[in-house]
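*Asks:* structure of the sequence below:
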Amino acid sequence: MGLKKEERNLLEIQEIDIKLSQLTEKAEKAPHRQKVVLTRAKIAEGQKRMELIEAARADLDSKIAVLEQDVDDFNRHMKSHQKLMQESSDHREVQNFSMELESLMKQKEKRENEGMTLMERRAEFGEALKDTAEKTSQLKNIEAQEVAAYKQYFEELKQSHDELTVRRADLASGIKPETLARYESIRDAKNGIGVALYQNGKCGGCQVLVPDAQRADIEFATGFATCPSCKRLLVVDK
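*Replies:* Residues are numbered from 1 along each chain as shown. Next up is the predicted model:
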């Protein structure tokens, strides 16, 4: 294929631009990146769950403290009543103290039972917190591994990207600025393809067969011809 240097350069630039786009897409859709995003979402969910558990446990601690104080108060009142019963010689008074003491004991037992129930719930919260913390820690380890893998993957893509960019700049130096500008403009408007090879009367970009009446203008053009159908630049395979 007897192509001019400028034509060869532009075709190679087109190939490079396609590869650069593919590298960008690979970076955006890297499996490690997707896993990192999902893992971080799970970590955030776990941390939120731990915050809720800790808040609920703190609320139970406050309620338990109140119940324990109530039990202490009942014990103090019961001791006082027992002392008064022992010191009293009045039968009715002793009977009243006994009834009050029985009431205090029932209230005390009720508070103790409530406290036991809350303590059991607090223990359950403690187990849930421990389990969630362990799972969150495991997720953080997974995240660190995925981030390291993504960095390595990204570095490999970046190296390829840098090499292609250097090569592209070298090729671009051998193309007229106005031609390169036309190519860039067309490429932006045509899904990344700005130049195509013309062979056997067909445009390699849109695959449309050029009418016989227009082929001569393309095949004997002094510069880059344009496809009458897709308007891409054409490099004629002579």
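*Asks:* same question for the helix or strand where R33 lies, mean pLDDT?
*Replies:* Remark: R33 resides in helix 31-87, with elements defined by DSSP states H and E. Per-residue pLDDT over helix 31-87 has a mean of 93.
*Asks:* how about N96, secondary structure?
*Replies:* Following DSSP: H, G, I helix; E, B strand; the rest coil, the label given to N96 is helix.
*Asks:* beta-bridge partners for the nearest residue to D237 once chain neighbours are set aside, please?
*Replies:* Spatially, and ignoring its direct neighbours in sequence, D237 is nearest to Q199 (4.6 Å; C-beta to C-beta, 6 or more residues apart in numbering). All C-beta atoms are positioned from the backbone trio N, CA, C, and that covers glycine. Here Q199 shows beta-bridge partners K202, assigned using DSSP bridges.
*Asks:* what about the strands in this structure?
*Replies:* 195-199, 202-203, 225-226, 233-236 (DSSP state E).
*Asks:* what's in contact with the second one?
*Replies:* Residues from elsewhere that reach strand 202-203, judged by C-beta atoms under 8 Å, 6 or more residues apart in numbering: A196, V208, L209, V210, C227, S229, C230, R232, L234.
*Asks:* count the residues that sit near the closest residue to Y150 other than its chain neighbours.
*Replies:* Among residues not flanking Y150 along the chain, H32 sits closest, at 3.6 Å (C-beta to C-beta, 6+ apart). Neighbourhood size, H32 [other C-beta atoms under 10 Å]: 17.
*Asks:* contacting residues for H32?
*Replies:* Per C-beta under 8 Å, 6+ apart, neighbours of H32: E146, V147, A149, Y150, Y153.
*Asks:* try 10 Å this time
*Replies:* By C-beta atoms under 10 Å, 6 or more residues apart in numbering, H32 lies in contact with Q145, E146, V147, A148, A149, Y150, K151, Q152, Y153, F154.
*Asks:* report the buried members of these.
*Replies:* Buried by 16 or more other C-beta atoms under 10 Å: E146, V147, A149, Y150, Y153, F154, out of those.
*Asks:* just confirm the fifth one contacts K29, I think it does.
*Replies:* No. Judged on C-beta atoms under 10 Å, Y153 makes no contact with K29 at a distance of 11.3 Å.
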